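**Q** give me the fold of what follows.
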Amino acid sequence: MRFKTTLAKEPKHSELVSCVAWTTSEQLFSCGDDHQVLKWSQLSDETSVLVKLAEEIYATDIHFFPKSIAGKGKQTGSEVFVLTSTDGKFLLVSKSGRVEKSVEAHRGAVLSGRWSYDGSAMATAGEDGQVKIWSRSGMLRSTLAQTGTPVYSISWSPDSNQVLLTNSKQLIIKSLQANVKPVQWKAHDGVILKVDWNPSNNLILSGGEDCKYKVWDSYGRQMFSSHPHDYPITSVSWAPDGELFAIGSFNTLRLCDKTGWSHALEKPNTGSIYSIAWSADGTQIAGACGNGHVIFGHMIERRLEWKNFEVVNSSRKTIVVREVINEAIEKLEFRDSIIKMSLSFGYLVVVTSSQCFIYSTKNLNTPTIFDLKEGTVTLIVQAEKHFALVVSTGVNIYSYEGRLISSPKFQGMRLDTLNMMSLSVSNDTVAIRDKSNEKLVHVFDASNGKALDSKPIQHNLEVLEVALDHCGPPAERHLAIVDKNRDLYLSAVRTFGKGPRIVKLGNMITSLAWNDTTNMLAALQDSKLFVLFYPNAVYVDKDILPKTIYIKDTSDFGKNPQIVSFVGNHVTIRRADGALVSTGIVPYPAMLHELVGSGRWDDAVRLCRFVKDPVLWACMATMAAYAKDLSTAEVAYAAIDEADKVQYILHIKEIPLKEARNAEMALFCGNAQDAEGILLQANLVFRAIMMNINLYNWDRYKY
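**A** Numbers count the residues shown, from 1 in each chain. Prediction:
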């Protein structure tokens, strides 16, 4: 992946360009020390003067009012922008170039001005060391911070309740609430010049005079630090979806992954790049250059892999699909610019600025095409039977025939923050983490978009990542949750009765992925890859769960590796330096899943006897207990020397009533409430009473 950069033959500004901002994906505004605001049209390739500013006004920053607030999600663009200047004022300017308001804001230059993500307020930072909060109309609300040094850059938090500001070599996160203690840490060895805080991944990016750029989480923990460059880092900017960021320095433009490693380095003849802005669709950037140029960079050579297919976005409107086994190459041409693409489950989904194309990997010649009526697509999430498109108006579930199936929604849903970690789709279920209350996960039926339960799944800590399994019937759908403490939990999505919803599977999890054909779960934990061959074992027999886990050392993969995919028997991992590494797991658990799924218990037992692996027998035992197949469970538990459990299963087999046997199996799995419910439903009241007495559950026995 890299930028294809373009520069005009002659600079349009006669002095240095200080700042740039996109209003739509095809229209850019730039400000320079020649006192001009220029409007650039990508469609017509024309540049015109929007407004000529007064001689004393030297622009330092420009920021458009949030589009989602202004345009109600449509590609109309914002109608007003804030322009800060060196004379201590900021201007509110309409898109037509009319100065709506001029406000005296700071002593000395106003160095930065940023609208909040919800559009309710604006923050300015000045040479006088102050950060001030203003209303939408330009009225002063409060002075948020007073530092002893100029504040060169500011950025709002995703929830618009905090402001990140620079203070010499330090970064400070200051809440709008007066009684909240600020978070402050030393971030660089030189003055920090630029910061950016992404609403989608909640990560902070900073660059400074120590010639380094760094990535931080919202608690001030360092996630990445670059090697020193030749010159100070003068601009940093996150892509809207939070997957990439761009870095600008003297004659330097760098494209990086969110984990910090570099995709590409360009060395254009630009002088220092003082400001970088991404278009709303995340496909191109613009940079404000010290020599009067505005540099444009289009993202090309994005690469996707799935099984034996490789897809490369070779140019703005072209995709090359390569089938590596027989070396077949297919070239796909598009009328409009390609915005997003996704390859999984045998389908390639390509989104342009106006249409969505769905290609089957079996036949790339006849795609399904439908028009995108409004908004820019920010995310594609695929499942086996359908896929989700996140647009600026909502989350839409489409079939691979191009039919709109549903549009799940809930009150207060933040579409601009949705990413692969906060949205998960399976064949029958959609899970979305709530941004306003990150302890909640909303679960919907994919076929109609309705909530599955009256209440969302509630965790006791903030949820970082959600992932639905892909296989099995809807009643057995499960959701993997990673919380703020990096603990991994499994939750049943469709619950009946008051059974335990969320059960802990592991801790210190940095990355996870479900298998595409079976319900196996791979996760990275403390320099180890561990694969849970049968995660449902946690609901059947917690003691056996550790015996169903395959563990592999990943110290060779370096620090902070991430799981990219878990397809078939291969786990693909991306190392911290960006290299992709594939590691294999034994094929037998997948075969066991397939045999059990089709009810072939005798063949499953034969497979276990052939392989003679205790891990496989443990999976077999819990699968059989979950399916209430007592004979197979007895054989499997005997194979792993669980004599007490074999004895109990023999006791259950002697019970004449089917309902009583089912109740005892529920008790075997630790679900006393379910066992009691089964007995009461079958009108076996005496057995229910005796069960509670044997459990010493005296309070329940009285009723």
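**Q** Arg661: neighbour count?
**A** 17 (other Cβ atoms under 10 Å). C-beta coordinates here come from the backbone N, C-alpha and C atoms, glycine included.
**Q** export the strand or helix carrying it as CSV, just CAs?
**A** Here Arg661, judged by DSSP states H and E, is contained in helix 658-668. What follows is helix 658-668, C-alpha atoms only, in CSV (Å, rounded to 0.1, in the frame of the first residue of the first chain):
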residue,chain,number,x,y,z
LYS,A,658,-35.8,-38.7,29.5
GLU,A,659,-36.6,-35.4,31.2
ALA,A,660,-34.9,-36.5,34.4
ARG,A,661,-31.8,-37.5,32.4
ASN,A,662,-31.7,-34.1,30.7
ALA,A,663,-32.0,-32.4,34.0
GLU,A,664,-29.1,-34.5,35.4
MET,A,665,-27.0,-33.5,32.3
ALA,A,666,-27.8,-29.9,32.9
LEU,A,667,-26.7,-30.4,36.5
PHE,A,668,-23.5,-32.1,35.2
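**Q** buried stuff in that helix?
**A** Going by neighbour count (16 or more other Cβ atoms under 10 Å), the buried part of helix 658-668 is 659-668.
**Q** also stretch 112-128?
**A** Buried residues in stretch 112-128 (16+ other Cβ under 10 Å): 112-119, 121-128.
**Q** before we move on, what about stretch 370-388?
**A** Result for stretch 370-388 [16+ other Cβ under 10 Å]: buried residues 372, 375-388.
**Q** confidence-wise, which of those comes last?
**A** The lowest pLDDT within the buried residues of stretch 370-388 belongs to Gly375, which sits at 71.
**Q** which SS state does it fall under?
**A** Put simply, Gly375 is coil when judged by DSSP: H, G, I helix; E, B strand; the rest coil.
**Q** wait, isn't it in contact with Thr393?
**A** Yes. Counting by Cβ atoms under 8 Å, Gly375 touches Thr393, with 4.8 Å between them.
**Q** and the helices in the chain?
**A** 67-70, 537-540, 588-597, 601-611, 614-627, 630-639, 643-653, 658-668, 672-681, 685-694, 698-702 (DSSP state H).
**Q** tell me the one of the buried residues of helix 658-668 nearest Gly412?
**A** Gly412 has its nearest neighbour among the buried residues of helix 658-668 in Ala666, at 37.8 Å by Cβ to Cβ.
**Q** any idea how far that closest one is from Ile678?
**A** Look at Ala666 and Ile678: by Cβ to Cβ, to the nearest Å, they are 6 Å apart.
**Q** what of Met623?
**A** 20 Å.
**Q** ok, these two, which is more surrounded?
**A** Met623 (26 against 23).
**Q** what's the closest non-adjacent residue to that one?
**A** Nearest residue to Met623, sequence neighbours excluded (Cβ to Cβ, 6 or more residues apart in numbering): Val596, at 5.0 Å.
**Q** okay, now the one you found: neighbour count?
**A** 23.
**Q** so what pLDDT did it get?
**A** pLDDT at Val596 comes out at 91.
**Q** just the buried residues of stretch 355-364, please?
**A** In stretch 355-364, counting by 16+ other Cβ under 10 Å, buried: 356-359, 361, 364.
**Q** same deal with stretch 487-495?
**A** 487-494.
**Q** now, which of those residues sits nearest Asn694?
**A** Ala492 (26.3 Å).
**Q** what's across from Ala21 in the sheet?
**A** Phe29 (DSSP bridges).
**Q** can you tell me the closest non-neighbouring residue to Val538?
**A** The nearest residue in space to Val538 (Cβ to Cβ, 6+ apart) is Val503, at 4.9 Å.
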